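Peer 1: sequence first, then the predicted structure, then my questions.
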Amino acid sequence: MSDKTLDSDLNNTDLDNIVGDSDVGGRRPNDAFGKSVLWYLPLIWAIYQLWIASPLPYMLGVGVLNDTQTRSIHLGFAVILAFLAFPAFKSSPRHRIRALTWVIAIVAAVSASYLWWDYRGVADRTGAPNTTDLVIAGIGIVLLLEAARRSLGFPLMGVALFFLAYVFFGSWSGLPDIVQWKGASFEKAMSHMWLTSEGVFGVALGVSSGFVFLFVLFGSLLNQAGAGNYFLQLAFAALGHLRGGPAKAAVIASAATGLVSGSSIANVVTTGTFTIPLMKKVGFPATKAGAIEVSSSINGVLTPPVMGAVAFLMTEYVGISYVEVVKTAIVPAAISYIALVYIVHLEALKMGMKATSTTHPVKIILASILVIALSIIFFGGALYLSGLAVGALSGAVGGASIWIIVALMLVGYIAAVRFAAKGPDLDMSLNAIENLPPTKVIFKTGIHYLMPIMLLMYLLMIERKSPGLSAFWSTIFMLFILLTQNPLKAYFRGQGEIGRHIKEGLSDIAEGMISGARNMIGLAAAMGVAGIIVGSVTLTGIGQVMAEFVEFLSGGNLLAMLFFVALISIVLGMGLPTTANYIVVSSLMAGVVVELGAQNGLIVPLIAVHMFVFYFGIMADVTPPVGLASFAAAAISKGDPLKTGFQAFFYSIRTALLPFLFIFNTDLLLIDVGPIQAVFVFIFALIAMLLFAAGTMNFFVVKSKLWESATLLLAAFILFQPGFFLNQFAPEFETRPGSAVLQMAEEAKSDSTLRVRLVGEDLYGDVVDARYLLPVGPKGDSGEARLFDSAGLELRNEEGRFYVDNLNFGGAAEQLGIDFDWEVVELEVETDRPPKELFYIPALLMVLMVIALQVRRRRKLEIEA
């Protein structure tokens, strides 16, 4: 296939419309003024976000804004760009901006930024808004919803309108009694939604303004510098010669792109433009080529550090550190990606594809695992040693250490660019992808791209800086790279024209910042509208009503409720962006799943439920009939969009399986798992996922018989859930009377937990009978002190029965939902039983039996052939 053919394939209006309408806006004005506004306004937005993230406002005492003001300005930029960059309808002009649109866009920006330019007046009128406040709020709500409709489609707007209707008309007598509420006046609703931090300008928009924009900007600058091309060619050079190599390279390239991209659609287009035609060329049908790219791209959103902005929202909603969020996400994301590579390999085997390499597949797999392991050890070790070195340097020279570190980084960067300059720059064309130099040659051309990523990881993981500050300094490094990499290469190559290369670098910086800002338009609008939905839930209490309804439908069965939550996430996700979907569903259902699990004797960590909702929100991107990622891939592959979506959904079944597994086996999220155990969890979870892939693909060594596929699926289940069968023979816990709570708290190991069963009434008068994990602090204190200091819980003794007497606000017990006067009925302690890992043995024996039978069958087929 020639470059000309590729160009004709991609010269497709549908693809351009999908990408433009979903990510950056489809408007391309012809007039100079419209062009200038859509060039300068996103650039100013990006500069503003860098300014508020930097220490400069505090150092200079200029432009210091509080959180509410920064959120207001952030939303103002988003809504004005939503009206200017996104046409109102498909029939609206794309090459000019109508006068009415200019007027509406300006009014929307003024309304959205109201809490900035009249912050003091609104603050002075807290609880008693005047007419201006209410008019601005009403206009702002309407125009925010329209901005979201333009940039994201009607569904998100429709969901928000449903909740707003309930706010105003929830007292209607035609509604069932269970969902009726007293209703809210316009003043109360607008005050709650627009003039406080309970609605639009709440946590979600704060995360968008404070963290997410900078990560999206960082990814955009990294791509503008050439890192996306670098990762893509590196993946093709390493895997392109294998059986079904282009498809395997697509998976790895999408994973690398997903490190810094929060959009599955952008991921599809960025890598799919090259991978899909090459997959078709080696024999993959159009639908399968598109589906592989879609499955790879949605998994990119699961991959830390960005995770489609959800990682930062989880830190706020769950109340854990960013490092903890990344730790819980890493194993599911890794095994899901490796399983997709294996699925691609099985597809290649089923289609009889040949590899250009003579290396035995087993050696390739072992080499790949070794490379991955060594990479993790190298990068992890480098980060750890860097932390030790920085600590030692700080101890030796004090405040001067920062300048020494900057100088060392500068020397390392210049050395990396000089190394890269010894070879030619990477060519981004189909011919170049098909005729790549060796992997080591490509690797050296982009070592300097790894430095800002390493800096980001170091600041987040070792220094434990805030996500916003970490992204800020990493982005500053990227700006420096964009400005200097080409002039330095020209200097080292003796080419001259340094001034021209500096100008090109400045142009790249501007284009990267504009691209990053335009990618944020829809996401920022989604965060604002999600605030309307969350504000409606907090104002009306409908969350509790919906929770009770879902609990009623599930009949109190946790697994059934999880299916309902998954279904709600997928249905809402068909119209809502992943991030907005996560906010809505987690706000409504996360606490209910935790509560119902506790009532069923299963203690489900809140982070596990949030990850569950996140995963199924992502599944909506591939689920027919709406999955936009599938439509984007089909526009490239020329395949049927619906068939592509169904095939992608089939490939992504493994992704849908994982959330159910880590709800019942939190080891997969590395919760309370040590380093050595984490390695074993990863290995056996990976084996289980590969077996699940082989079972669902109905192919292992050769085409599987039905019972062989069933055996592989059973083995996968045992490896994922070894405790399930052990629990049938030996109970996991035995009970102790509640009267022993203080004694057991005193005797518990340091920094461990007590598993207690509490019975009482909630605020609605309903009886609660549930189990909770209460943390206890260091050993040595009395049981009362350990419970109070660590769990924030104080008990009173009434004739040998212990009741909750006091709760520390914000303490662990209060956050778990424990209430006053609940009785400690009993405690549960682990029984002395065989380790659950013993069940790995029969599972692995079943797998070996299937392998032996299939190897014998393959040899027989080879002899007959």
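Peer 2: Received the coordinates, thanks.
Peer 1: contacts, neighbours, all on C-alpha from now
Peer 2: OK.
Peer 1: phi, psi of D805?
Peer 2: Here the main-chain torsion angles of D805 (degrees, to the nearest 10) amount to phi -100, psi -30.
Peer 1: so what's the residue count around the nearest residue to it once chain neighbours are set aside?
Peer 2: With C-alpha to C-alpha, 6 or more residues apart in numbering as the criterion, D805 has its nearest non-adjacent residue at 5.0 Å, and that residue is L795. Residues contacting L795 under the criterion other C-alpha atoms under 10 Å number 22.
Peer 1: export the helix or strand in which L795 is found to CSV, keeping only CA atoms.
Peer 2: Using DSSP states H and E, L795 sits in strand 793-798. Extracted in CSV, the C-alpha atoms of strand 793-798 (Å, rounded to 0.1, in the frame of the first residue of the first chain):
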residue,chain,number,x,y,z
LEU,A,793,-14.6,5.5,67.6
GLU,A,794,-15.5,5.6,71.3
LEU,A,795,-17.6,2.8,72.9
ARG,A,796,-19.7,2.7,76.1
ASN,A,797,-20.3,-0.4,78.1
GLU,A,798,-23.9,-1.2,79.2
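Peer 1: what sits up against it?
Peer 2: Identification of contacts with strand 793-798 by C-alpha atoms under 8 Å, 6 or more residues apart in numbering yields 784, 787-788, 802-808, 811, 813.
Peer 1: please redo it, this time with the cut-off set to 7 Å
Peer 2: Residues outside strand 793-798 that contact it (C-alpha atoms under 7 Å, 6 or more residues apart in numbering): 787-788, 802-808, 813.
Peer 1: again, but for stretch 761-772
Peer 2: Outside of stretch 761-772, the residues within contact range by C-alpha under 7 Å, 6+ apart are 598-599, 601, 603, 755-760.
Peer 1: between those, which is closest to T271?
Peer 2: Using C-alpha to C-alpha, I603 comes nearest to T271 of the contacts of stretch 761-772, at 40.9 Å.
Peer 1: contact partners for that closest one?
Peer 2: Contacts for I603 (C-alpha under 7 Å, 6+ apart) come out as 597, 771-772.
Peer 1: for the helix or strand A635 falls within, packing partners?
Peer 2: According to DSSP H and E, A635 maps onto helix 628-637. Here helix 628-637 touches helix 13-19, helix 264-281, helix 286-302, helix 641-651, going by 3 or more C-alpha pairs under 7 Å, 6 or more residues apart in numbering; DSSP states H and E.
Peer 1: which of the contacts of stretch 761-772 are buried, as a PyMOL select command?
Peer 2: The buried residues among the contacts of stretch 761-772 can be selected in PyMOL (16 or more other C-alpha atoms under 10 Å) with this line:
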select buried, resi 598+599+603+755+756+757+758+759+760
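Peer 1: closest one to G446 out of the contacts of stretch 761-772, please.
Peer 2: Distances from G446 to these, taken by C-alpha to C-alpha, are shortest for I603, at 46.3 Å.
Peer 1: how close does the nearest residue to Y114 once chain neighbours are set aside sit to F809?
Peer 2: With sequence-adjacent residues excluded and distances taken as C-alpha to C-alpha, 6+ apart, Y114 is closest to S72, at 6.9 Å. For S72, the distance to F809 (C-alpha to C-alpha, to the nearest Å) stands at 30 Å.
Peer 1: comparing those two, which residue is more hemmed in?
Peer 2: A side-by-side neighbour count of S72 and F809, using other C-alpha under 10 Å, places S72 first with 27 against 11.
Peer 1: tell me where the stretch 651-800 of the chain has helices.
Peer 2: Assigned by DSSP state H, counting those that start in this stretch, the helices in the stretch 651-800 of the chain fall at 653-664, 675-697, 706-720, 722-729, 741-747, 783-786.
Peer 1: pull the number of nearby residues for G792.
Peer 2: G792 has 22 neighbours, counted by other C-alpha under 10 Å.
Peer 1: nope, L75 is what I meant
Peer 2: L75 has 28 nearby residues by other C-alpha under 10 Å.
Peer 1: I'd say it and A112 touch.
Peer 2: Yes: counting by C-alpha atoms under 7 Å, L75 touches A112, with 5.9 Å between them.
Peer 1: which phi and psi does Y803 have?
Peer 2: Dihedral angles (degrees, to the nearest 10) for Y803: phi -130, psi 150.
Peer 1: so who does it touch?
Peer 2: Neighbouring residues of Y803 by C-alpha under 7 Å, 6+ apart: 795-797, 821-824.
Peer 1: make TSV out of those residues and add distance to M546.
Peer 2: Formatted as TSV, the contacts of Y803 follow (distance: C-alpha to C-alpha, whole Å):
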residue	distance to M546
L795	33
R796	35
N797	37
D821	27
W822	25
E823	28
V824	29
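Peer 1: could you give me the ChimeraX syntax to select whichever of these are buried?
Peer 2: Selecting the buried subset of these in ChimeraX, with 16+ other C-alpha under 10 Å as the burial test, is done by:
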select :795,821,822,823,824
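Peer 1: from the contacts of Y803, which two are the most distant?
Peer 2: It's N797 and W822 that sit farthest apart of these, by C-alpha to C-alpha, at 12.1 Å.
Peer 1: would you say E828 is within a strand?
Peer 2: Yes: counting by DSSP: H, G, I helix; E, B strand; the rest coil, E828 is located in a strand.
Peer 1: and it, what pLDDT?
Peer 2: Reading off the confidence values, E828 has pLDDT 87.
Peer 1: who's in contact with the nearest residue to it once chain neighbours are set aside?
Peer 2: Take E828 and drop its neighbours on the chain: the residue closest to it by C-alpha to C-alpha, 6+ apart is T735, 4.5 Å away. With contact set as C-alpha under 7 Å, 6+ apart, T735 has these partners: 826-829.
Peer 1: which pLDDT does the model give the residue lying closest to V604 once chain neighbours are set aside?
Peer 2: Once flanking residues are discounted, V604 sits nearest to V594: 5.5 Å by C-alpha to C-alpha, 6+ apart. On pLDDT, V594 comes in at 78.
Peer 1: and V594, its phi and psi?
Peer 2: Here is the backbone geometry of V594 (degrees, to the nearest 10): phi -60, psi -40.
Peer 1: tabulate the helices of the stretch 651-800 of the chain in TSV, adding columns for mean neighbour count, distance to A566 and mean pLDDT.
Peer 2: Listed next are those as TSV, based on neighbours: other C-alpha atoms under 10 Å; distance: least, C-alpha to C-alpha, whole Å; pLDDT from 0 to 100:
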stretch	mean neighbour count	distance to A566	mean pLDDT
helix 653-664	20	9	83
helix 675-697	19	20	86
helix 706-720	21	20	92
helix 722-729	15	22	82
helix 741-747	19	37	88
helix 783-786	20	38	86
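Peer 1: I appreciate the help and will end here.
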